[in-house]
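Quick one, what's the 3D model for this:
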Amino acid sequence: MRNVTMILAGCAALVALSILFGSWFTVDQGERGVILRYGAISGTAEPGLGFKLPLIDSIVRVSVQSKAVVYEKMEAYSRDQQPAEIRLSVNYRIPADRVQEVYATYGGEDGLLSRLIERKVFEETKTVFGRFNAVTAIQERGRLNAEIASAIQQGVSGPVLIDSVQIENIDFSDAYEASIEQRMLAEVEVQRLRQNAEREKVQAEITVTQARAQADARRAEAQAQADAVRLAAQAESEAIRLRGEAEAEAIKARGDALKDNPGLVALTQAEKWDGQLPRTMLPGGAVPMLNLNPN
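Below is the predicted model:
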């Protein structure tokens, strides 16, 4: 009988200890607790140590920290019907004041992800990606990322905040990627040819400008030479005119002198005579500079 009493006392002690230690709980700083009483939500618990009714209350912890979920190989089609696989990451967090709604509506964070976030992520990503051509999606990836992020943030309406969305990779088919590479190489070649054409055009313009400058210089030189010749001709003409006038004045002066002095010619001849008579004379000819007439 005594043994039975001891066993019952031990069981009672264990039950008491279980009830005592089951009355306390702790919630981490990055979590909030949803308090359930007989399965119904009766409140929320803040971080720290809390008390609950043993065997009656239970605590469901919900994280309120920022988290990231990555969606691999999301299949989508571009506007020009090119298939692609997209790798997308979504950063989200649950507001601390809405943990009760998360549990009541979705049963917890996992239900929130699968029933709300994931569904909207796939839906909005495919919709927005379908508005872009494959080439545009590659060349304007920043705009594509911004539009997908905006669509997801607006589409996810519930007890969760979408902080950011990031397209991490876009994979097209190997054949299409090869065609894109060839197209880009062709565009590079076209750009190179355009640059060469522009360079040749500029060089031609430089050559034309140099030729015009040389022609202008030659015309200026020819004009200068022509002006010099013209000035020289004018100077020569003026010199000839002055010499003619001087000679005319000299002749006039001589004529006036002869008119006034008839013997001046004979005097000039006598002054220039060397005293020698001509060795050969024609019969009846007069002796130069000698006037033998007595008068």
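
How about the secondary structure of Gln81?
Gln81 falls in the coil class when you classify it by DSSP: H, G, I helix; E, B strand; the rest coil.

Next, count neighbours for it.
Gln81 has 9 neighbours, counted by other C-beta atoms under 10 Å. Where you see a C-beta, it was placed from the backbone N, CA and C, and this is true even at glycine.

got it, and Ser237?
Residues near Ser237, counting by other C-beta under 10 Å: 10.

by contact count, what packs against the host helix or strand of it?
Assessed by DSSP states H and E, Ser237 sits inside helix 174-260. Applying 3 or more C-beta pairs under 8 Å, 6 or more residues apart in numbering; DSSP states H and E, one finds that helix 174-260 makes contact with helix 134-139, helix 264-272.

hey, least reliable of those helices by pLDDT?
Mean pLDDT per stretch puts helix 264-272 lowest among these, at a mean of 64.

so where's the protein uncertain?
Low-confidence segments of the chain, defined by pLDDT under 70: 1-22, 257-258, 260, 262-295.

quick one: the strands in the stretch 51-200 of the chain?
57-63, 67-77, 83-93, 161-172 (DSSP state E, counting those that start in this stretch).

Residues contacting the shortest one, please?
Counting contacts by C-beta atoms under 8 Å, 6 or more residues apart in numbering, the residues outside strand 57-63 that touch it are 25, 27-28, 30-37, 42, 45, 50, 52, 94, 99, 102-103, 108-109.

quick revisit: do you know which of the strands of the stretch 51-200 of the chain lies nearest Ile117?
strand 83-93 (6.3 Å; C-beta to C-beta).

CA-only coordinates of stretch 128-138 in CSV, if you can.
Output in CSV follows, covering the C-alpha atoms of stretch 128-138 (Å, rounded to 0.1, in the frame of the first residue of the first chain):
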residue,chain,number,x,y,z
VAL,A,128,5.3,41.2,-67.9
PHE,A,129,7.9,39.0,-69.7
GLY,A,130,5.3,38.4,-72.5
ARG,A,131,5.3,42.1,-73.3
PHE,A,132,9.0,42.1,-74.2
ASN,A,133,10.7,40.7,-77.3
ALA,A,134,13.6,38.4,-76.5
VAL,A,135,16.2,40.9,-77.7
THR,A,136,14.6,43.7,-75.7
ALA,A,137,14.5,41.5,-72.6
ILE,A,138,18.3,41.1,-72.9
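
Measure how far that stretch is from the centre of its chain, please.
Relative to the centre of its chain, stretch 128-138 is centred 23 Å away, using C-alpha atoms, centre = their mean, to the nearest Å.

list the buried ones in that stretch?
For stretch 128-138, burial by neighbour count (16 or more other C-beta atoms under 10 Å) applies to 128-129, 132, 134-135, 137-138.

what do you get for stretch 167-183?
By neighbour count with 16+ other C-beta under 10 Å, stretch 167-183 contains the buried residues 167, 170, 172, 176, 180.

Isn't the last one up against Asn133?
Which is Ile180. No: Ile180 lies out of contact with Asn133 (C-beta atoms under 8 Å); the separation is 11.2 Å.

In helices, which of the contacts of strand 57-63 appear?
Cross-referencing these against helices under DSSP state H gives 99, 102-103, 109.

check contacts around the closest residue in space to Asn145 that isn't next to it in sequence.
Spatial nearest neighbour of Asn145, excluding adjacent residues (C-beta to C-beta, 6 or more residues apart in numbering): Ile167 at 4.7 Å. By C-beta under 8 Å, 6+ apart, Ile167 lies in contact with 86-88, 141, 144-145, 148.

between the ones in helices among the contacts of strand 57-63, which is closest to Val160?
Nearest member of the ones in helices among the contacts of strand 57-63 to Val160, counting by C-beta to C-beta, is Val102, at 7.6 Å.

so what's that closest one up against?
Per C-beta under 8 Å, 6+ apart, neighbours of Val102: 62, 94, 108-109, 112, 159-160.

change it to 7 Å
Contacts for Val102 were tallied using C-beta atoms under 7 Å, 6 or more residues apart in numbering; they are 62, 94, 108-109, 112, 159.

Ok, Pro83 next?
75, 77, 173.
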